[in-house]
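K.L.:
Build the 3D model from these lines:
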Amino acid sequence: MYQDTNKRNSPPPIVFIIAIGLIGLGAYKFLPGLLNAKNSNTPPSKSTSTSTSAPIASGAIANRISLGNQILVTSQTTPDKQAGVQAFAEGNYQAATQYFQKSLQQNRNDPETIIYLNNARSSTGSSLKIAVSVPIGSNPNVAQEILRGVAQAQDEINTSGGINGAKLQVEIVNDDNSPEVVRESAKTLTQDPTILAVIGHNASNASLEAAPIYQQEQLVMVTPTSFANNLSGFGSYIFRTVPNISVMAAPLAEYVVKTERQTNIAVCYDSQAPDNISFKDEFVASLTAAGGKLVPTVCDFSLPSFNPDNALADAVSKGAQGLMVAPHIDRIDRAISLARSNRGKLRLYGSTTLYTFQTLKDGQKDVNGLVLPVPWHPETNPGSRFPENARQRWGGIVNWRTATSFDATQAVIAGLRQSNTREGLQQALRNASFSAAGSSEDVKFLPTGDRAGKPILVQVKQGGSTGYNFVPLR
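P.N.:
Predicted structure coming up:
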């Protein structure tokens, strides 16, 4: 008997209903992904950044980071510089270059504009990018001292053809020496794969806050100004272009006891400044070893109750012959107030932090005779061209922060010549044979990440643009 096979093999209606449902579910789940995949292959528009792998900083930190799209050092603003950052933000690098050049004709002593000018010139070609983090808001003078060193090294390498043909770009970060800001900015920098190294930070408390982040995320940090003992041997990605603090403090203590014959010394330091805590500890140890004696006083610049008259009276009443002063970089005014109360009663000595224009300008005769150690001075190496090149570029004599920042950038440049990856750069700097041409001597790192070197003792004497100057002791 003939049977209708079509009728016999046809599935019941419920099967069709289930099949249609499954098709709809698949379309709902997978079609958007397919469309996104297609869109991801679409070429970027002209307004899209060429550095598509670099995340864009957002939130409050975005106002603190600039490659050239905004002015961070507001004290150095000109109409042409303002027009330059606007053109840079719009991607019009040719116009930005012209505006930055015009601004420098009005004010050549502006490292931020030189950095932005170099960034604009290199935005359309092959480039390598690093960052520099400085306290623009809390200490603009120190921030610009550091920026000058970085800008000078960047300008010299880019003018001479770049790093294996790639120009150096520098992103500026304003961290205010604030631990909270430093943490946020360090995280932002590590998440940007185009950043190959960070020059900074300034104060040791800032560097100690950032170092664990850079070490964990394997991004090289080279601080040009942080002396705290805790940074020595901190990690394989952490370096500095200043010597260990013990190397800095010992010559001062020996000078106090053996040259000036001062044995009873009081100390006023800042308990919130890790580098000056380290300096105080090393100074006292060396002072005792040399035959001197610490006069026990309570004098802490970080305390709201700090009173310079009371601190000085306490030191004098206990037989102090000299006073060693070690303030935080953002509280130098308190050290100057103590020197003003001193009125020449006690011989004055200081930590490296006190080597600032502010010390000379505000201290005047009250800091006359102050002796302190520094890692560099323009007269250190008469054969070096750096001091004269810096004077011609900036219109005046630069200090040790500019020199060690130049050296930090030079070290990174030399490392990037060997490898333009984060890991490769770190390996280059860690190599025992590594050496880079510095501001006076070659930059070489010890296994601890500290720089190999020794300090120079300087003394405040009459002369210079402020009426006083730091002069090397012979």
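K.L.:
Spit out the contact partners of residue 211.
P.N.:
Taking Cβ atoms under 8 Å, 6 or more residues apart in numbering as the criterion, residue 211 is in contact with 221, 231, 234-235, 238. C-beta: built from backbone N, CA, C; applies to glycine.
K.L.:
could you redo the last one with a cut-off of 6 Å?
P.N.:
234, 238 (Cβ atoms under 6 Å, 6 or more residues apart in numbering).
K.L.:
for the record, mean pLDDT for the host helix or strand of it?
P.N.:
Residue 211 is part of helix 204-217, with elements assigned from DSSP states H and E. Confidence for helix 204-217, expressed as mean pLDDT, is 97.
K.L.:
Can you mark which positions in it are buried?
P.N.:
Buried residues in helix 204-217, counted by 16 or more other Cβ atoms under 10 Å: 204-211, 213-215.
K.L.:
so after the helix or strand containing residue 152, what's the next helix or strand?
P.N.:
Assigned by DSSP H and E, residue 152 falls within helix 140-159. Proceeding C-terminally, helix 140-159 gives way to strand 167-174 as the next helix or strand, assigned by DSSP H and E.
K.L.:
can you dump the C-alpha coordinates of that next one into PDB?
P.N.:
What follows is strand 167-174, C-alpha atoms only, in PDB (Å, rounded to 0.1, in the frame of the first residue of the first chain):
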ATOM      1  CA  LYS A 167      62.300  61.700  17.900                       C
ATOM      2  CA  LEU A 168      61.800  61.900  21.700                       C
ATOM      3  CA  GLN A 169      58.400  63.100  23.000                       C
ATOM      4  CA  VAL A 170      57.900  64.100  26.600                       C
ATOM      5  CA  GLU A 171      54.600  64.100  28.500                       C
ATOM      6  CA  ILE A 172      54.500  66.500  31.400                       C
ATOM      7  CA  VAL A 173      52.700  65.600  34.700                       C
ATOM      8  CA  ASN A 174      51.900  68.000  37.500                       C
END
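K.L.:
That strand - which strands sit beside it in the sheet, and in what orientation?
P.N.:
Take DSSP bridges as the rule and strand 167-174 pairs in its sheet with strand 65-66 (antiparallel), strand 127-134 (parallel).
K.L.:
Contacts for it, please.
P.N.:
64-67, 72, 115, 119, 122, 127-133, 136-137, 150, 154, 157-158, 185.
K.L.:
about what we covered before: what strands flank the next helix or strand after the helix holding residue 211, and is each parallel or antiparallel?
P.N.:
As assigned by DSSP H and E, the chain's next helix or strand after helix 204-217 is strand 220-223. In the sheet, strand 220-223 lines up against strand 195-199 (parallel), strand 238-240 (parallel) (DSSP bridges).
K.L.:
what stretches of this protein score poorly on pLDDT?
P.N.:
1-58 (pLDDT under 70).
K.L.:
Spatially central residue for it, please.
P.N.:
residue 200 (2.1 Å; Cα atoms, centre = their mean).
K.L.:
got the phi/psi numbers for that one?
P.N.:
phi 140, psi 180 (degrees, to the nearest 10).
K.L.:
Spatially nearest residue to it (excluding sequence neighbours)?
P.N.:
residue 133 (3.5 Å; Cβ to Cβ, 6 or more residues apart in numbering).
K.L.:
For stretch 325-345, list every residue counted as buried.
P.N.:
For stretch 325-345, by 16+ other Cβ under 10 Å, it's 325-332, 334-342.
K.L.:
quick revisit: got the contact list for the residue nearest to residue 200?
P.N.:
Neighbours of residue 133 in contact, by Cβ under 6 Å, 6+ apart: 173, 175, 200-201.
K.L.:
Repeat that for residue 215.
P.N.:
235, 237.
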